[in-house]
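build me a structure from this.
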Amino acid sequence: MEAAAAIIAVICAILVAFAVIATVRAVRAVKRGVDRTVTQARRTVEDTRLKARQYIQPGAAGEVAQLRVKLRTSMRATQDVLRAGVPDDSSLSESMALFERLSAHGRELDEELRKLEDEPDRERVTARLPDLRERTERVTDSADSLRWAAQDRARRFAEDDLTLLSEQIRMEAGALRHWEDGAEAPAAGGATGSAAGSAAGAASGSAPGSAAPKPAASAGAGAGTGGGPDPERPAIDGRNDRWQPGYSWQKTKRTRPESTA
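Model (predicted):
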């Protein structure tokens, strides 16, 4: 009894442990989902606010918002392209590492621009704008260069693959039409053979004392017993497989010869 109770207690403890682990994992998964949703919502609200502000507020404040929109749009687009291409192209791993270093400068620049939005001294904002504009151009140019290079690389790979596939399909289509190249040669050879046979028959018929050719035996007579019909051959039932209802790809499969020659 004590051993059975110990075993039951161990089983219960294992089940409780599994339940706790599953609960913790579920809670963490839900928390990650909520965090992603909140982050995406905040980013959408921030982007909408900046796009509205660059048109509503004139002067330095509107230009600061415009720089932030340009920076965030370029960095996000490059990040999406590189992350989507890394699983298919391992060469983009180094580009992704360079982009992570560039992202550090981008986040620092975005934070400086965000602080200038709340700066009450407009003269200070105007004085800082040339430097911030130049830094924004450098960061966005680098991000755009990485994104365009990755897109050109993916497009070139797709074109090369399509070219190779088209060539393989052309070769396969030529192999399926192999009878077209040699269709005339067997016909010409057959005509020549027929002419030679006719000449030989005429020569043998004109020779004196030649024996008359014997008629060929019937194939049906040699196949069956006593010259009767083949008992294994099915009788005609009046059906035509070519006119059965259904789609064209549902017709009865017929064996095709390897060569039509």
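
which of the helices and strands in the protein ranks last by mean pLDDT?
Every helix and strand of the chain was ranked by mean pLDDT, DSSP states H and E. The lowest is helix 219-223, at a mean of 42.

burial of Glu117, as a residue count?
16 (other CB atoms under 10 Å). Quick note: C-beta positions are derived from backbone N, CA and C, even for glycine.

so who does it touch?
53, 61, 64-65 (CB atoms under 8 Å, 6 or more residues apart in numbering).

pick out the lowest-pLDDT one from those residues.
Ranked by pLDDT, the contacts of Glu117 bottom out at Arg53 (74).

quick one: secondary structure of Glu119?
Secondary structure assignment for Glu119 (DSSP: H, G, I helix; E, B strand; the rest coil): coil.

okay, and the residue lying closest to it once chain neighbours are set aside sits in which element?
Leaving aside its sequence neighbours, Glu119 sits nearest to Val125 (CB to CB, 6 or more residues apart in numbering; 5.2 Å). For Val125, the host element (DSSP states H and E) is helix 122-176.

which elements pack onto that helix?
helix 59-85, helix 92-117 (3 or more CB pairs under 8 Å, 6 or more residues apart in numbering; DSSP states H and E).

what angle sits between the shortest one and helix 122-176?
Using axes from the mean of the first three to the mean of the last three CA atoms, to 10 degrees, the interaxial angle of helix 92-117 with respect to helix 122-176 works out to 150 degrees.

report the rounded mean pLDDT for helix 92-117.
Helix 92-117 comes out at a mean pLDDT of 90.

can you check what angle separates it from helix 59-85?
Using the same axes, to 10 degrees: helix 92-117 against helix 59-85 is 160 degrees.

may I see the buried residues of helix 92-117?
Buried residues in helix 92-117, defined by neighbour count with 16 or more other CB atoms under 10 Å: 92, 95-96, 99, 102, 106, 109-110, 113, 116-117.

so where is the stretch 151-261 of the chain shaky, pLDDT-wise?
Low-confidence segments of the stretch 151-261 of the chain, defined by pLDDT under 70: 180-261.

and which of the buried residues of helix 92-117 is nearest to Gln57?
Among the buried residues of helix 92-117, Glu117 lies closest to Gln57 (CB to CB), at 9.3 Å.

of the helices and strands packed on helix 122-176, which is nearest Gln151?
Closest among the helices and strands packed on helix 122-176, once you apply CB to CB, is helix 59-85, at 6.3 Å.
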